[in-house]
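Enquirer: from the sequence below, what's the structure:
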Amino acid sequence: MKKVLPSLLIAFLLIYSASCEKDDICVDGDTPLLIIGFYDAENTEEFKEVPSIRINSLDVNSVLENDSFTDRSDSPDSLLVPLRIANTSTTYELIMDSAADADTGEETGNSDAITINYGVQETYVSKACGFVANFDNLTVTLPDSDTNWIQNISIEQETVANSNSIHVKIFH
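Expert: This next block holds a predicted model:
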């Protein structure tokens with residue numbers, strides 16, 4: 001009996017460890033960001049920086065910063081912005097020449113609000129990654145105003161399934 005018990009214990013441990021799954025690592029599980037490119041309104045093939053850009057998320061009332069830009073910096077040729085998964089629209093206030101008034105601290109830049117509308121398609125990737133949201137039927141609206149610094153908006157890709165190329169072009 002003394003010899004059988006250790007053998008049974010070893011056999012049980014071998015069977016138990018064989019039934020365990022290896023830890024999954026998620027490599028393909030990121031919801032893509034919307035890429036906005038800024039272009040010259042007169043020469044539509046040329047990128048054009050937006051000086052001292054600030055992006056406010058009007059849906060959650062916060063200033064947006066991420067790896068693609070910092071607040072009130074000159075914009076690179078494109079910016080990556082998140083879209084809200086729980087809704088079918090996201091509204092951003094894009095402020096050119098953003099600065100704070102020295103006396104009041106209020107925003108002094110030229111502000112345009114854009115609303116991005118879309119459908120949300122959730123796709124199961126894996127046990128480790130869970131679900132990833134992709135966005136389709138992308139549209140962008142800009143209220144008409146004589147003071148808009150944004151002159152035109154063009155949708156380049158109606159589906160946001162990756163963050164590899166520009167989805168929306170803004171001309172200014």
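Enquirer: which other helices and strands contact the longest strand along the chain?
Expert: Using DSSP state E to define each element, the chain has its longest strand at strand 110-126. Under the contact criterion of 3 or more C-beta pairs under 8 Å, 6 or more residues apart in numbering; DSSP states H and E, strand 110-126 touches strand 89-96, strand 130-141. Yep, even glycine has a C-beta here, placed from its N, CA and C like the rest.
Enquirer: can you list contacts of it?
Expert: Judged by C-beta atoms under 8 Å, 6 or more residues apart in numbering, the contacts made with strand 110-126 from elsewhere in the structure are 24, 26, 28-29, 34, 58, 83, 85, 88-97, 130-143, 145, 147-150, 153, 160, 168.
Enquirer: can we see that at 6 Å?
Expert: Contacts of strand 110-126 from elsewhere in the structure, counted by C-beta atoms under 6 Å, 6 or more residues apart in numbering, are 28-29, 85, 89-97, 131-142, 148-150.
Enquirer: just the buried ones from those, in ChimeraX syntax?
Expert: A single ChimeraX command suffices to select whichever of the contacts of strand 110-126 are buried according to 16 or more other C-beta atoms under 10 Å:
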select :90,91,92,93,94,95,96,132,133,134,135,138,140,142,149,150
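Enquirer: tell me the buried residues in the longest strand of the chain?
Expert: Of the residues in strand 110-126, those with enough neighbours to count as buried (16+ other C-beta under 10 Å) are Asn110, Ser111, Asp112, Ala113, Ile114, Ile116, Asn117, Tyr118.
Enquirer: Serialize these to JSON lines and add fields for distance to Asn164.
Expert: Listed next are these as JSON lines, based on distance: C-beta to C-beta, whole Å:
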{"residue": "Asn110", "distance to Asn164": "31"}
{"residue": "Ser111", "distance to Asn164": "30"}
{"residue": "Asp112", "distance to Asn164": "26"}
{"residue": "Ala113", "distance to Asn164": "27"}
{"residue": "Ile114", "distance to Asn164": "22"}
{"residue": "Ile116", "distance to Asn164": "18"}
{"residue": "Asn117", "distance to Asn164": "22"}
{"residue": "Tyr118", "distance to Asn164": "18"}
